[in-house]
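Engineer: with the input below, show me the fold.
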Amino acid sequence: MKNEATGLRRIFTAFEFSMKGLKACYKSEAAFRQEVWLSVILIPLAMIFGKTGIEQSILIATVFLVLIVEILNSAIESVVDRIGDEYHVLSGAAKDMGSAAVWLSLMLLIVVWLIILI
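Structural biologist: Numbering: from 1, shown residues only. You can find the predicted model right below:
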């Protein structure tokens, strides 16, 4: 169904869809739940350990990046799974690439936090 709302109504509708997406990801993806709870810990720590507003912003941005990439990975997995359960090399590659993106975002988080904290 195409959303034909305009103006302020479109913004509210987009917000509703976004909240539905966050809720669906939280309910169905254990990795996302873990990363959400990790962000509950890391975001306050970023405010404590970041010496400047820029450092705090960068630390928090890496946390959000992990969450964003995890949601995109989950979306890819959902689409691939909807197509079918049988293995296909392209389906496997798509899931592996999504997983690699999550891993890279986690590595970026670790590197940035280490550089800023050390």
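Engineer: tell me which stretches of the chain form helices.
Structural biologist: Using DSSP state H, the helices of the chain run over 7-28, 30-49, 53-83, 89-117.
Engineer: tell me the most buried of these?
Structural biologist: The highest mean neighbour count among the helices of the chain, using mean count of other C-beta atoms under 10 Å, belongs to helix 53-83: a mean of 16. In short, each C-beta sits where N, CA and C put it, glycine included.
Engineer: in JSON lines, list the helices of the chain along with mean pLDDT.
Structural biologist: Shown next, in JSON lines, are the helices of the chain (pLDDT from 0 to 100):
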{"stretch": "helix 7-28", "mean pLDDT": "94"}
{"stretch": "helix 30-49", "mean pLDDT": "97"}
{"stretch": "helix 53-83", "mean pLDDT": "96"}
{"stretch": "helix 89-117", "mean pLDDT": "97"}
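Engineer: who's in contact with V69?
Structural biologist: Taking C-beta atoms under 8 Å, 6 or more residues apart in numbering, we find V69 in contact with 101-102, 104-105.
Engineer: list just the nearest of these to E35.
Structural biologist: V102 (8.7 Å; C-beta to C-beta).
Engineer: so the closest one touches Q34, yeah?
Structural biologist: No. Between V102 and Q34 there is no contact under C-beta atoms under 8 Å: 11.4 Å.
Engineer: measure stretch 23-39 end to end?
Structural biologist: Distance between the two ends of stretch 23-39: 16 Å, counting by C-alpha to C-alpha, to the nearest Å.
Engineer: how far does it sit from the chain's center?
Structural biologist: The chain centroid and the centroid of stretch 23-39 are separated by 9 Å under C-alpha atoms, centre = their mean, to the nearest Å.
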